[in-house]
Structure formats: C-alpha cells, structure tokens
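**Student:** build me a structure from this.
(one chain, ligands or ions: 1)
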Amino acid sequence: MNITVAKSAGFCFGVKRAVNKVYEQADIKNGPIYTYGPIIHNEEVVKDLEEKGVKALDSLEMLTDAQKQEKGTVIIRSHGVSKEVYEKLERAGFEIEDATCPFVLKIHQIVEEFSNDGFEIVIIGSSQHPEVEGIRGWCDPKHTTVIADYEEAQNYKPKSGKKVCIVAQTTFNYKKFQELVEIIQKKGYIRDIRVLNTICNATEERQNEAASLAETSDIMIVIGGRSSSNTQKLYEICKEECANTYYIQTAADLKLSETGHIDNVGITAGASTPKKIIEEVQKYVRTKL
Ligand code: F3S
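**Tutor:** Model (predicted):
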C-alpha cells in the first residue's frame, strides 16, 4: 500500500517561517515573548507555545495591557501589521521580531509607494481580515478602500484624483479578483489604473495537488480544523475526486471503514495543520490498513 502525503499539505512557506521563528525565539530568549495575535489558528500549536511561555496578544488594547507587563519580544505573525502597530510596539519598549510573510511585506511596500505618489488604493479582500487591516495601515486612510464583492466594486468611486492602484489580499480567489478589477476598469473616468496581482499561489497549489492526489487514491484523508475554511474547501475538492474522503482533525478522529483492497492512500492538510499531526496520521494509517 502506498501512502502519499501531498507536498503542499499543511503550512505554507510564510506560516512555516513564522511558526519556526516563535519556537526559535522561545528557545533563545529569556524574557517574555508575545505574538501579535495567535501565530496560527491551531489550538494545539498555540497551547504548546503557551507552555513554552509564549503569550498571544490579540489587539492593541491587549498590547496596552501588556505595556503594564514586563517588556519582552513581540513576534509579528505572517499576516503582518500596520505601520502604527510597529510604532506603538517600539514606543512601548518591545523588541520586535518580524515574521511577516515576505509576500505581504511586498504589498506593504507597494501600497506605501503608490499612496505617497498620490494614488487611491483599492485592496481587494476582506476588510475584517488581519492581513487587510495591516495592508491598510501602510496607505493614506482617507484614500483607501477595501472591496470584497461585486456590489462594493460597482459602488466604488475614488474619493479624489484619477489614479488608482489595486492590490489583493494574498489568499483572495484569482477569478473573483479579475472580475472585480474589470468592474473598476470599466469606470471610464479613472485615468490611471495600476493593477498588481498580489495573490499568493500557495493555496491554489495546495488545492490542485489535493485534487490530483485524490484522483489516484482509494482513500483520501484531509486533516484540518472543523472551522478552517481552507480545509473545508480541500475536503470538497477531494470528495469530488475520491468518494472515500475523510475529514479529520487528528489521527484520533480517523475511523477507517474500508474493507476492500486498498492500494493508494492520499493525505493532505489545511494551512494551519502542523507537520506533527500529519505524521501521526500517516503512522496511524500504516498500522491500521
Ligand atoms: Fe502563506 Fe505568505 Fe502565501 S503566509 S499563503 S506564503 S502570502
């Protein structure tokens, strides 16, 4: 029996880098360590880090509270933060370890430059998402708009000027991004529109690889949190290709009922699933089938 784990299963490059940085800092630093927001949406990892003394600060308010606490190192997660947050952290006397994904940092640079050049900035993405909040914080707030859907794109009117720079949240759907851009481009009165496709292909690669692995597997296992939307999407994609697709959070959830001949088992995992959990599932499957 072959067990194949998708190469793109689990953490993307940026998340892996950020999580490694926290563990590294927990090892080498003596003082308190904070992450600005949970480093990833995985309770096990956050708990494990807590045991190593790493606290997650959720907001600037918590940061204000933390100011009363002992100063230490604050790790910025892969989503990145606004310029204001950096400044506040510095002013409060924290040491900053920046684990912002380089692809997100690139967006900060782009919007800051275009904003300084007098462009209106349009961020295609979800306004509630921390990555978008961070990007927004590198632009002139009076001339920045976040657009998430068709209606918002239709209603969009640059507040002043005729120059618009459009960027995307890294995990935004490419097809929808193109459609929203097209709606804005059709507004004849905007003289200069710069479209920068800042979508990262890590999610798409994970989905494509999952689909082709599921296609050749007798059993397909998708690992990830129940509320993780990217894992749910992976499950749907795999289920279309392989009827025997399982959605589990850890090896303990796996109740394999297949009795026939199994040649190939495929495993993939959502973006917040640590390698350790993927390996445990792999080991479990080997002993059970
Ligand atoms: Fe991950 Fe960075 Fe892309 S955090 S999804 S590699 S933008």
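**Student:** show me where the stretch 101-250 of the chain has helices.
**Tutor:** 102-116, 130-136, 150-155, 174-185, 202-215, 229-241 (DSSP state H, counting those that start in this stretch).
**Student:** just name the most buried of those helices.
**Tutor:** When you average the neighbours per residue for each of the helices of the stretch 101-250 of the chain (mean count of other CB atoms under 10 Å), helix 130-136 leads with a mean of 22. The C-beta positions use only the backbone N, C-alpha and C, and glycine is treated the same way.
**Student:** what does that helix rub up against?
**Tutor:** With CB atoms under 8 Å, 6 or more residues apart in numbering as the test, helix 130-136 has contacts from 37, 79-82, 85, 100, 104, 107-108, 111, 123, 125-127, 144, 146, 167, 169-171.
**Student:** got it, and stretch 11-18?
**Tutor:** 19, 39-40, 75, 77-78, 99, 101-104, 200, 202-203, 206, 271-275.
**Student:** what angle separates the helix or strand that residue 24 is a member of from helix 102-116?
**Tutor:** Assigned by DSSP states H and E, residue 24 falls within helix 13-28. Counting by axes from the mean of the first three to the mean of the last three CA atoms, to 10 degrees, helix 13-28 lies at 110 degrees to helix 102-116.
**Student:** residues touching the closest residue in space to residue 32 that isn't next to it in sequence, list them.
**Tutor:** Closest residue to residue 32 apart from its sequence neighbours, by CB to CB, 6 or more residues apart in numbering: residue 72 at 3.3 Å. Listed by CB under 8 Å, 6+ apart, the contact set of residue 72 reads 29, 31, 32, 33, 34, 94, 95.
**Student:** one more time with 6 Å, if that's ok
**Tutor:** Shown in contact with residue 72 (CB atoms under 6 Å, 6 or more residues apart in numbering): 31, 32, 33.
**Student:** and the last one, how far from the ligand?
**Tutor:** Separation of residue 33 from the ligand (CB to the nearest ligand atom, to the nearest Å) stands at 20 Å.
**Student:** looking at the stretch 151-289 of the chain, which residue is nearest the ligand?
**Tutor:** The minimum distance from the stretch 151-289 of the chain to the ligand, using CB to the nearest ligand atom, falls at residue 200 (3.0 Å).
**Student:** correction: the previous question concerned the stretch 1-150 of the chain.
**Tutor:** Ranked by CB to the nearest ligand atom, the top residue of the stretch 1-150 of the chain for proximity to the ligand is residue 14, at 2.5 Å.
**Student:** what is the neighbour count of that residue?
**Tutor:** Residues within reach of residue 14, counting by other CB atoms under 10 Å, total 23.
**Student:** and the protein, which residues reach the ligand?
**Tutor:** Within the chain, the residues that sit near the ligand (CB under 6 Å from any ligand atom) are 12-15, 78, 101, 103-104, 170-171, 200, 202-203.
**Student:** try it again with 5 Å
**Tutor:** 12, 13, 14, 78, 101, 103, 170, 200, 202 (CB under 5 Å from any ligand atom).
**Student:** mind checking pLDDT for the residue nearest to residue 32?
**Tutor:** pLDDT recorded at residue 72 is 88.
**Student:** so which of the helices of the stretch 101-250 of the chain is nearest residue 283?
**Tutor:** Proximity to residue 283, assessed across these by CB to CB, is greatest for helix 202-215 (18.6 Å).
**Student:** other SSEs contacting that closest one?
**Tutor:** Helices and strands touching helix 202-215, by 3 or more CB pairs under 6 Å, 6 or more residues apart in numbering; DSSP states H and E, are helix 229-241, strand 264-269.
**Student:** repeat that for 8 Å
**Tutor:** Helices and strands touching helix 202-215, by 3 or more CB pairs under 8 Å, 6 or more residues apart in numbering; DSSP states H and E, are strand 219-223, helix 229-241, strand 264-269.
**Student:** and it, average pLDDT?
**Tutor:** pLDDT averaged over helix 202-215 gives 95.
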